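got a sequence here, can you model it:
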Amino acid sequence: MSLGVTMAENVPSAHLRAVLQALLVTFLWSTSWVLIKIGLKDIPALTFAGLRYVLAFMCLLPLVLWSGQGRQRPYRMIQQLSRPDWLRLIVLGLLFYSVTQGAQFLGLDRLPAVTASLLLSFTVIVIALLGIPLLSEHPTRLQWGGIGLYLVGVLVYFYPVSIPTRQIVGLIIVLIGVFANSYSTVLGRDINRRATISPLIVTVISMGIGAVVMLAGGIIAQGLPSLSLQNWAIIAWLAVVNTAFAFTLWNHTQRTLTAVETSIINNTMLIQIAVLAWLFLDEDLSGREVFGLVLAGVGTLIVQVQRRRVT
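Predicted coordinates for the structure are as follows:
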């Protein structure tokens, strides 16, 4: 009897632990925006992004080399990858890391963190729309309502439209990143649907390819400046804690949390970033802008939750 009670008590505690761990991950990811804005004062955007993800790749590489046993070792699975598999991983790495992450850093160099975050949340909407021709997934009526609510939120946030030229360039760069991120997400789902490559291998290989290309491009185009101890500390924290550790912990929580719970927790980042930017970057928001953020956040949440329930 006592054993049954103990097991019943462990279930909610394990679930609560997973929720708290997922919230910790979203908090770490949200702090990345603040750290990136601080680092961009001294480090060129593409070089900065390349250094972060090359170091993160080096942290995750041991998991590929030494985890598993026998034929289940990831590096043995890599040896069995076909040419089409490698082509998909290369395209995924270039899209999700070289283009998407590069655009995020370049955009943050020109835009307030909250504005860039709001625009990047448009990824959810684009994925839903891309799912129609590419995955034969048609949005429900409620999802269309969520898309409309998001667009209303964006209009409320930016009204009246008065954007400096530098920020217009930033908006264009971030929107390029949004479409690259959206397509790479659809491509990633297609790769995972085939179930022939483990998620760890997909992440590590695509990250390594995309990060090396991004770092090389950054050094060629922007150079590698002399970095201070603080610069290296920011890069190391972003790579080791906010990327390698957070990725590992997030995947661990997915064994316990439902897709709907994951969507809700992930969606809190929009508000977290706004609060952190206000506290540490002096990015003040008016009541209208906060209202626009809330509308956009609810809109993307509706689209995500409905999509995951359907799939």
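
quick one: the helices in the stretch 151-300 of the chain, in order.
165-194, 199-222, 229-239, 246-253, 259-267, 269-280, 287-310 (DSSP state H, counting those that start in this stretch).

closest to W86 out of those helices?
Nearest to W86, of all the helices of the stretch 151-300 of the chain, is helix 199-222, at 8.3 Å by CB to CB. Just so you know, the C-beta spots here come from the backbone N, C-alpha and C atoms, and that holds for glycine as well.

I would like the residues contacting that closest one, please.
Applying CB atoms under 8 Å, 6 or more residues apart in numbering, the contact partners of helix 199-222 are 44-54, 56-57, 60-61, 63-64, 67, 74, 77-78, 89-90, 92-98, 101-102, 188, 191-192, 224, 247, 251.

take those and keep only those in helices.
45-54, 56-57, 60-61, 63-64, 74, 77-78, 89-90, 92-93, 102, 188, 191-192, 247, 251 (DSSP state H).

out of the contacts of helix 199-222, which are buried?
44-54, 56-57, 60-61, 63-64, 74, 77-78, 89, 92-98, 101-102, 188, 191, 247 (16 or more other CB atoms under 10 Å).

hang on, the earlier thing: out of the helices of the stretch 151-300 of the chain, nearest to A14?
Using CB to CB, these put helix 246-253 closest to A14, at 10.6 Å.

output the contacting helices and strands for that closest one.
helix 2-39, helix 45-66 (3 or more CB pairs under 8 Å, 6 or more residues apart in numbering; DSSP states H and E).

go with 6 Å
Packing partners of helix 246-253 (3 or more CB pairs under 6 Å, 6 or more residues apart in numbering; DSSP states H and E): helix 2-39.

helices and strands around the helix it packs on, which ones?
helix 229-239, helix 246-253, helix 259-267, helix 269-280.

list the buried residues for the first one?
Buried residues in helix 229-239, defined by neighbour count with 16+ other CB under 10 Å: N231, I234, I235, W237, L238, A239.

again with the second one
Taking 16+ other CB under 10 Å as the neighbour-count basis, helix 246-253 is seen to contain the buried residues A246, F247, W250, T253.

S32 is in contact with N242, isn't it?
Yes: contact criterion CB atoms under 6 Å: S32 and N242 qualify, at 4.8 Å.

start to end distance for stretch 264-274?
17 Å (CA to CA, to the nearest Å).

should've said stretch 219-228
17 Å.

what is the neighbour count of the closest residue to A180 other than its chain neighbours?
Distances taken as CB to CB, 6 or more residues apart in numbering put V99 closest to A180, at 4.0 Å, once the chain neighbours are dropped. By other CB atoms under 10 Å, 21 other residues sit near V99.

can you check S13 too?
Neighbour tally, S13, other CB under 10 Å: 9.

quick one: it and V19, what's the gap?
Per CB to CB, to the nearest Å, S13 is found 11 Å from V19.

what touches both of the two?
Counting by CB atoms under 6 Å, 6 or more residues apart in numbering, S13 and V19 have no contacts in common.

in the protein, which helix or strand is least confident?
Least confident helix or strand, the chain: helix 74-79 with a mean of 77, by mean pLDDT, DSSP states H and E.

not counting that one itself, show me its contacts.
V64, L65, G68, L200, I201.

possible to save these as JSON lines with pLDDT and distance to L108?
Output for the contacts of helix 74-79, formatted as JSON lines (pLDDT from 0 to 100; distance: CB to CB, whole Å):
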{"residue": "V64", "pLDDT": "81", "distance to L108": "30"}
{"residue": "L65", "pLDDT": "80", "distance to L108": "33"}
{"residue": "G68", "pLDDT": "62", "distance to L108": "37"}
{"residue": "L200", "pLDDT": "83", "distance to L108": "28"}
{"residue": "I201", "pLDDT": "87", "distance to L108": "30"}
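
okay, these in a markdown table with distance to G145 next?
Compiled in a markdown table, these are given as follows (distance: CB to CB, whole Å):
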| residue | distance to G145 |
| --- | --- |
| V64 | 43 |
| L65 | 48 |
| G68 | 45 |
| L200 | 37 |
| I201 | 38 |
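
between those residues, which sits nearest S117?
L200 (27.6 Å).

count the neighbours of that closest one for me.
Applying other CB under 10 Å, we find 18 residues neighbouring L200.

also L87?
Neighbour tally, L87, other CB under 10 Å: 11.

again, but for D282
So D282, with other CB under 10 Å, has 8 neighbours.

distance check, it against T256.
Distance from D282 to T256, by CB to CB: 38 Å.

then T123?
25 Å.

the two: who's more crowded?
T123 (20 against 16).

mind listing what the more buried one touches?
With CB under 6 Å, 6+ apart, T123 has these contacts: V178, N181, S182.
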